[in-house]
Every structure is written in structure tokens, then in C-alpha cells.
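Asker: need coordinates for the below:
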Amino acid sequence: MRIVISAWIFLALCSFSAAFDPLDPTGNITIRWDIMSWTADGYVASVTMNNFQMYRHIQAPGWTLGWTWAKKEVIWSMVGAQTTEQGDCSKFKANVPHCCKKTPTVVDLLPGVPYNQQFSNCCKGGVVAAWGQDPSAAVSAFQVSVGMAGTSNKTVKLPKNFTLLGPGPGYTCGPARVVPPTTFLTPDRRRKTQALMTWNVTCTYSRFLASKHPSCCVSFSSFYNETITACPTCACGCENKNKCVKSDSKLLSVVGVNTPKKDNSPLLQCTRHMCPIRVHWHVKQNYKDYWRAKVAVTNFNYRMNYTQWTLVVQHPNLNNVTQVFSFNYKPLVPYGSINDTGMFYGMKFFNDLLMEAGPTGNVQSEVLLQKDQNTFTFKQGWAFPRKVYFNGEECMLPPPESYPFLPNSARKTLACPLTLLVSLVMFLFF
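Answerer: Numbering: from 1, shown residues only. Below is the predicted model:
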């Protein structure tokens, strides 16, 4: 018996640690069901999906939500979303339900649908922004009319076994829990109304469930050393090595080569690292009271462009960011007193879209940081990030021993006068 209990505790701890993100400890997606009215055989509910993750959004082709009905419920109609399958509704003679499946799968509608099919915060193709990037766009909603269900708070049975794809695997959803009814303000903001019944479902993300390999890598360079530290070899796995294409391949001129596949399989440019995304951090210049770094994000996937992308960097000097030139920047302070993490993201209508691999498949900016004379140094790789995330996925960093080193401190052998002179000139003027 003790062995069984210990095993359960171990599995619970492993599940918690897999879903815990130290840079966003409270991040989750909360799905709220609000019963707005009762019908003859069920209810009409408003379903709202709030993305409370600071830097992980849901990109195209969007979210997919599923669950299992507790009884023999059917979906009479939906506004703002649709199920992917109707199921067997042959027992219905007159009015035929929208979906009769025991386990419905729901997706968002595409932009541009007729007004009578729209609902508030719907119809964005399932794309949901990160909370830290744009709270107003970090929500998606639809309305569902449920039949053959309970018609009161005591007879309604909560759906179970919720699943969420965003757009791929990675999310684990807990059970539905009844919470105090949601309150709403009327348009004139002088009266409050409330839902008849409300329950919440919380979904958390785990990188280990999403993929066994990273989806991005990091490379480094600096003004004080000619060495360029490349991404580790096969940083994102080399399963696609035999399917990659070279940048000068004639295949890239074929019509439709950039069209995404249904399974979202990538078409990667042949590289040593075989990652869809590479983040490059270049220590560019040194001043008396400031130093400057250049950040470049390159897309190597010919079948994917990234909308509303986010880049999260952890570095001790981000507590003194003076200016970010071509990206938006927002400090992330999950632990209050520790300000060493920040989120970069594109400026709307300028570079918030990272195009597919090719000449335009990159975005870049420079960051000016003020020095703290008590901690600032170029020694031992201090000027390079501790962690890097792209679209919420942690990128693989090179091993520390490969970082560009200071020429005057890395080796015990005496440097020749010419080397010292060149280093001094680079230090002062670049």
C-alpha cells in the first residue's frame, strides 16, 4: 500500500513540475461556462476562453476544444464557433441538432463570417494573443445551446475530460469546477446581472507534452571576439534532416511550396541545428555608462510565418533597459523584487509578423542597457542571456564553455602587442 501511495505522489509531483513555468508561474488558460438562460430541455451558455499566460499565445491554425458529455446531451446550435463533426443525429425527425457526438470537438470560426453567426470575441480563426502582449485580444468566446440536459442548477451535469489543442499538444485540462456565478454590467454600467450558473476549467501547458525536442536555438557573438558561437548541432533534433531543403534549391520556386500542411509538418532549411527558429544575441558596443546588444530572430521554416510572436529573455541587466529600438518591450516580474526577465514583441503593422524562411524571414532590434558598475562585466559570458523563449518555448543555448571570451582574460599565455592594440581599438570604437 505504501508503494502505491508513493507512486501516486511521485506522479503528481512530476505532473506539477512538468507544467510549472518558473518565468510565468501563474500562467494558464481558463475556460469559463456561463449558463445565461434555461430552455425547454437544456440551457444556453456563453463559453469564454481567457489566456492568462504572459508570453505564450495560440497561433494559427488556432485552438481546438473538446470534452465528453456527462449524459446524452446534444448541441442544438452554436454562435461564434462550430463542431468539426455532426455525428449521428438520425433519431431526430424534425429539428436536427448541430452536433450529436458524445465527445464534440469545437473550433473557432474564421474572420469574415456573416454577422448572424458572430459572437463577442469570436471568429479570429482560433488565434488568441498572450495576456502580457495584448490583454484585449487574449480572449475567445462562443455561445452554445445544449439540449437533453438538465434545466436547473441541481439537474445540470458538468461536462468532463476536457482537452485543448493550441494548436498542437501540450495542454492538460483539469476537471470542471462550479464557481460563483459571473456578474455582468449593463451597457450603461448602472446595473449588474449575473449568470444562472458558472463553472471553470483550467488548462496548463507543459513543454514535455508538446514536443520531445526544443523548437528554437540561440547563437552568440560579440564585438570583442571574432568567434561566433553557433547553435548546438541538432539542437531541435535531426529527424527532418532528410527532408530539409537548401536555401538555393529549385524546389522553393514551385507554386504552393509554402502552403502549410494539415499536420503542420515543417519544411526546414538545411542547417546544422535543424531548428525552425534561431535567436542570435550579439554584444555590439560598449560605452562608459551603457552597453548595446543586437537581437535577431530568423525563421528557417518555409511553411510557417509567426503572427504576434513573442521573445522572452532572462538577463540580470534587464532591470536597467534604457531603450529598445525596433521591438516593443515589457518587463516580466513574476516574483516582485526580481526584475531580470523581459518580453520583446513586434510593433503592430511593422514587424509583428515574422515571415516564412527566406530573405524577409527575420526580425531584429537593438537594446541599450545602462551599466550597474557593481555587477557589470564582459567576463565569463555575463553579457549573454541565461534563458531565451520564443513563443513560449524554451530555446536551447550553447554550452557555456563555447561562449565568446575576452581576449585579455581567457588565456594564460601572454598576448602579443598587436593583439592587445586591436582589442583596445575594437573595445573603444565598436
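Asker: only C-alpha atoms from now on, for both contacts and neighbour counts.
Answerer: Will do.
Asker: give me the beta-bridge partners of Leu369?
Answerer: Going by DSSP bridges, Leu369 is paired in beta bridges with Trp291, Val321.
Asker: look up the pLDDT of it for me, please.
Answerer: Predicted confidence (pLDDT) for Leu369: 95.
Asker: and Gln380, by the same measure?
Answerer: The predicted local confidence for Gln380 is 87.
Asker: please enumerate the helices of this structure.
Answerer: Shown for the chain, the helices assigned by DSSP state H span residues 2-19, 207-210, 417-429.
Asker: residue ranges with poor pLDDT in the stretch 1-150 of the chain?
Answerer: Along the stretch 1-150 of the chain, segments meeting pLDDT under 70 span 1-20.
Asker: kindly recompute the last result at 90.
Answerer: Confidence mapping of the stretch 1-150 of the chain against pLDDT under 90 gives the ranges 1-23, 60-61, 93-94.
Asker: show me where the stretch 51-200 of the chain has strands.
Answerer: Ranges of strands within the stretch 51-200 of the chain are 64-68, 74-79, 81-83, 105-108, 139-147, 160-165, 171-173, 177-179, 183-185, 192-194, 197-205, based on DSSP state E, counting those that start in this stretch.
Asker: with mean neighbour count and distance to Val324 added, can I get the ones you listed in TSV?
Answerer: Listed next are those as TSV, based on neighbours: other C-alpha atoms under 10 Å; distance: least, C-alpha to C-alpha, whole Å:
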stretch	mean neighbour count	distance to Val324
strand 64-68	18	36
strand 74-79	21	42
strand 81-83	22	39
strand 105-108	21	35
strand 139-147	23	28
strand 160-165	18	34
strand 171-173	20	33
strand 177-179	13	42
strand 183-185	12	39
strand 192-194	12	43
strand 197-205	21	29
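Asker: in CSV: the ones you listed, plus distance to Lys91.
Answerer: Output for those, formatted as CSV (distance: least, C-alpha to C-alpha, whole Å):
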stretch, distance to Lys91
strand 64-68, 20
strand 74-79, 12
strand 81-83, 19
strand 105-108, 21
strand 139-147, 14
strand 160-165, 24
strand 171-173, 32
strand 177-179, 32
strand 183-185, 38
strand 192-194, 36
strand 197-205, 30
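Asker: right, and the ones you listed - which one's nearest Leu268?
Answerer: With C-alpha to C-alpha, the closest approach to Leu268 among these belongs to strand 160-165: 23.1 Å.
Asker: for that closest one, which outside residues touch it?
Answerer: 63-70, 171-176, 201, 203 (C-alpha atoms under 8 Å, 6 or more residues apart in numbering).
Asker: can you list the strands that it pairs with?
Answerer: strand 64-68 (antiparallel).
Asker: alpha carbons only: can I get the strand it pairs with in CSV?
Answerer: Provided in CSV are the C-alpha atoms of strand 64-68 (Å, rounded to 0.1, in the frame of the first residue of the first chain):
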residue,chain,number,x,y,z
THR,A,64,-9.4,23.1,-30.7
LEU,A,65,-11.6,22.4,-27.7
GLY,A,66,-13.1,19.1,-26.8
TRP,A,67,-15.0,17.4,-23.9
THR,A,68,-17.2,14.5,-23.0
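Asker: check contacts around the residue nearest to Val313 when sequence neighbours are not counted.
Answerer: Leaving aside its sequence neighbours, Val313 sits nearest to Val388 (C-alpha to C-alpha, 6 or more residues apart in numbering; 4.7 Å). Contact analysis of Val388 by C-alpha under 8 Å, 6+ apart lists Val218, Leu311, Val312, Val313, Gln314, Glu394, Cys395, Met396, Leu397.
Asker: how far away is Val388 from Phe344?
Answerer: Counting by C-alpha to C-alpha, to the nearest Å, the separation of Val388 from Phe344 is 11 Å.
Asker: equivalent analysis for Thr360, please.
Answerer: With distances defined as C-alpha to C-alpha, the gap from Thr360 to Phe344 amounts to 19 Å.
Asker: more crowded one of those two?
Answerer: Neighbour totals were compared for Thr360 and Phe344, and Phe344 leads with 22 against 11 (other C-alpha atoms under 10 Å).
Asker: ok so, going back, any shared contact partners between Val388 and Phe344?
Answerer: With C-alpha under 8 Å, 6+ apart, Val388 and Phe344 have common neighbours Leu311, Val312, Val313.
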